[in-house]
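S.K.: sequence unavailable; structure follows:
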């Protein structure tokens, strides 16, 4: 067997937390490497500090879209999520990872008030969106969802034509001018246009699972929201469709702020700029999800600060 | 039926060509009969047989009814029978046109009243009702469904006939009360089949909920709702008691006016009056009318189910 070769580590993020990576020290203050250092990471003997310096700069200048403070979510008497405080930044892909039942989907659905219809749902704390509390009594949840779109785990196209799937919401929201162009733009944005442009009048249910999911993304971006929430968008898809969805996310992040929940750690490592790790906190009061660690994806996967994070990302549990 | 006595154990049929690997169990033990196997098989056969017999009996009842009506009524059927007025007592020929048209007008009006209301009630139940009002409303609809139809007729008699006069409208109103709960409950069942993921998808697009209901839920359920309505229409066509006190028993001529004093004739009452008269030609026409009614109901049921099979929700 060959000795470990640092140069061989092309994608530290996708091979999380090898002990070798952890020996890297904290980034040098003010170390600002050109972006190309990032792409040439494979040739660098010390890629991680360079990346961290890069990322930190990335976040420092960014506006926080969401500012969540002390958020706890309750279903009836049980506390599904406890005391989450975090910021989500503009035009980044932020991933929520963690074991099943850790509240990451609950948290995501709290961000556009999709949980309002769940019986017994109640929150404590604040969810500020551009400084406005989305749970303020003066705020209409329909307006919240108008700006914060969502794509679900299972593709759920309407039983309508491909065109009408995209056009339905704009029509209902009074965006009737240039509807054809809007539909085309949305489908192009979701990298689906070339595949469906000749059969826009056909039922969306005839599309493959991956196409349906991209249609759902197109449907969500047709109303030009500010934020896209993706709840395990690729978990029901095959690897090829998953790859195309992930590629799509990269192209969408220049226009939208994307938050993705995923079971799949590798997926988070591949697509996310920032990653939040949630875990289950079991006490006599019950089981609640807690935010354990939140930071740049590279850091979280290579040098997690918390033992629970490192256990999870190294596959010791979860 | 030659059964393998060991339900899950079918290695012999699926055995690979080469000799099987040694079993951990002694095969001889497996194949010997356990003590009460014979009795269990007998009980099983008896229960299966009695269930099959009951099912066949139910089908047989339907077939007998259809056959007896068809054998007596089908021969009367002709274009004249459907388009002519009944002749004087004691004369052959003629038809049931007034009753046919009357029933058509009655069920059309009843459906026009009950279908929109029933669908709205179902929408309220599934989409908007709170946790407390929902069971109460559902109970109310079930009670309405269980209401004896003669009492519905009596109620409408008191409401629309006393002090006014018998009319086709009163009869249609009574029929609409009878079929309202049918449409509401069947529509509710269909609406519950609409996947909640579609509602979520629509809600997540920032569209208000009533638009979601109109634009996504209702179109998805439309096939099933149509089926529910057709089945209710078929039910209304055969209802007799609500018409007893509200419309006429005797057939005037063909009339399309549901507000006339004479009321509207209907097939069920034509069957009743024609079979009461001492007129053998009347008996034949009564059987013919019964056959027409039966065929309409059978075809409506079959057609309604075909629509629901083809439609999106209702698997």
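M.R.: Looks like it arrived, so ask away. Predicted model, so just to flag it, every value in this text is computed and none were measured. Numbering: from 1, shown residues only, chains lettered A, B, ... in the order given.
S.K.: which strand or helix spans the residue in the stretch 101-250 of chain A that chain B sits nearest to?
M.R.: Nearest to chain B in the stretch 101-250 of chain A, going by CB to the nearest CB, is residue A:146, at a distance of 2.9 Å. From N, CA and C alone the C-beta is placed, and that goes for glycine too. Using DSSP states H and E, residue A:146 sits in helix A:141-147.
S.K.: buried sites along that helix?
M.R.: Residues A:141, A:142, A:144, A:145, A:146, A:147 are the ones in helix A:141-147 that count as buried (16 or more other CB atoms under 10 Å in any protein chain shown).
S.K.: show the pLDDT at the last one.
M.R.: This points to residue A:147. The per-residue pLDDT reported for residue A:147 equals 91.
S.K.: circling back: which ones are touching the residue of the stretch 101-250 of chain A closest to chain B?
M.R.: Residues in contact with residue A:146 (CB atoms under 8 Å, 6 or more residues apart in numbering or on different chains) are A:173, A:223, A:225, B:205, B:206.
S.K.: would TSV of the residues you listed with distance to residue B:244, pLDDT and secondary structure be doable?
M.R.: Converted to TSV, the contacts of residue A:146 look like this (distance: CB to CB, whole Å; pLDDT from 0 to 100; DSSP: H, G, I helix; E, B strand; the rest coil):
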residue	distance to residue B:244	pLDDT	secondary structure
A:173	53	87	coil
A:223	57	90	coil
A:225	61	90	coil
B:205	52	90	coil
B:206	54	87	coil
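S.K.: which two among these are spaced furthest apart?
M.R.: A:173 and A:225 (11.0 Å; CB to CB).
S.K.: need the residues touching each of the two.
M.R.: Common contact partners of residue A:173 and residue A:225 (CB under 8 Å, 6+ apart): A:146, B:206.
S.K.: so does stretch B:129-140 get close to chain A?
M.R.: Yes - applying CB under 8 Å from any CB of the partner chain, one finds stretch B:129-140 touching chain A at residue B:131.
S.K.: and the contacts of that stretch?
M.R.: A:119, B:121, B:124, B:125, B:188.
S.K.: residue in the stretch 1-150 of chain B with the shortest distance to chain A?
M.R.: For the stretch 1-150 of chain B, CB to the nearest CB, closest residue to chain A: residue B:131, 7.0 Å.
S.K.: so where's chain B uncertain?
M.R.: Within chain B, the ranges that satisfy pLDDT under 70 run B:1-35, B:89-91, B:248-254, B:256-257, B:259-263, B:311-315.
S.K.: up against chain B, what does chain A have?
M.R.: A:112, A:114, A:117, A:119, A:142-147, A:149-150, A:152, A:154, A:156-160, A:168-169, A:172-173, A:216, A:219-220, A:223, A:225.
S.K.: if we can go back for a sec, dump the buried residues of helix A:141-147 to JSON lines, plus distance to residue B:240.
M.R.: Output for these, formatted as JSON lines (distance: CB to CB, whole Å):
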{"residue": "A:141", "distance to residue B:240": "51"}
{"residue": "A:142", "distance to residue B:240": "50"}
{"residue": "A:144", "distance to residue B:240": "55"}
{"residue": "A:145", "distance to residue B:240": "52"}
{"residue": "A:146", "distance to residue B:240": "54"}
{"residue": "A:147", "distance to residue B:240": "59"}
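S.K.: now the helices for chain A?
M.R.: A:19-22, A:36-39, A:47-60, A:104-110, A:141-147, A:162-172, A:179-189, A:193-196, A:209-221, A:239-252, A:265-271, A:297-302, A:307-313 (DSSP state H).
S.K.: swap in chain B?
M.R.: Counting by DSSP H, the helices of chain B are B:11-14, B:27-31, B:37-73, B:79-83, B:97-123, B:133-146, B:149-156, B:168-193, B:196-203, B:209-212, B:218-238, B:241-244, B:267-276, B:280-310.
S.K.: now for the longest one, which elements pack on it?
M.R.: The helices and strands touching helix B:37-73, judged by 3 or more CB pairs under 8 Å, 6 or more residues apart in numbering or on different chains; DSSP states H and E, are helix B:280-310.
S.K.: what are the buried residues along the helix it packs on?
M.R.: Buried residues in helix B:280-310 (16+ other CB under 10 Å): B:281-297, B:300, B:304, B:307-308.
S.K.: how about the closest residue to chain A within chain B, nearest residue that isn't a chain neighbour?
M.R.: For chain B and chain A, the shortest gap (CB to the nearest CB) falls at residue B:206, measuring 2.9 Å. Spatial nearest neighbour of residue B:206, chain neighbours left out: residue A:146 (2.9 Å); criterion: CB to CB, 6 or more residues apart in numbering or on different chains.
S.K.: what's near enough to touch residue 86?
M.R.: Defaulting to chain A. Residue A:86 makes contacts with A:66, A:68, A:276, A:291, A:294, as judged by CB under 8 Å, 6+ apart.
S.K.: I was thinking of chain B, sorry if that wasn't clear
M.R.: Counting by CB under 8 Å, 6+ apart, residue B:86 has contacts B:94, B:95, B:96, B:98, B:251, B:270, B:274, B:282, B:285.
S.K.: need these in JSON lines (columns: distance to chain A).
M.R.: Converted to JSON lines, these look like this (distance: CB to the nearest CB, whole Å):
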{"residue": "B:94", "distance to chain A": "50"}
{"residue": "B:95", "distance to chain A": "45"}
{"residue": "B:96", "distance to chain A": "43"}
{"residue": "B:98", "distance to chain A": "44"}
{"residue": "B:251", "distance to chain A": "47"}
{"residue": "B:270", "distance to chain A": "44"}
{"residue": "B:274", "distance to chain A": "48"}
{"residue": "B:282", "distance to chain A": "52"}
{"residue": "B:285", "distance to chain A": "47"}
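S.K.: on that earlier part again, ok, and the most crowded of the contacts of residue A:86?
M.R.: residue A:276 (25 neighbours; other CB atoms under 10 Å in any protein chain shown).
S.K.: find the nearest non-adjacent residue to the residue nearest to the spatial centre of chain B, please.
M.R.: In chain B, the residue lying closest to the centroid (CA atoms, centre = their mean) is residue B:231, at 4.1 Å. Closest residue in space to residue B:231, ignoring its immediate chain neighbours: residue B:304 at 5.1 Å, by CB to CB, 6+ apart.
S.K.: just residue A:63 next, same as before
M.R.: In space, residue A:63 is closest to residue A:90, 4.7 Å off (CB to CB, 6+ apart).
S.K.: what is the burial count for the residue of chain B closest to chain A?
M.R.: Residue B:206 sits with 24 neighbouring residues when counted by other CB under 10 Å.
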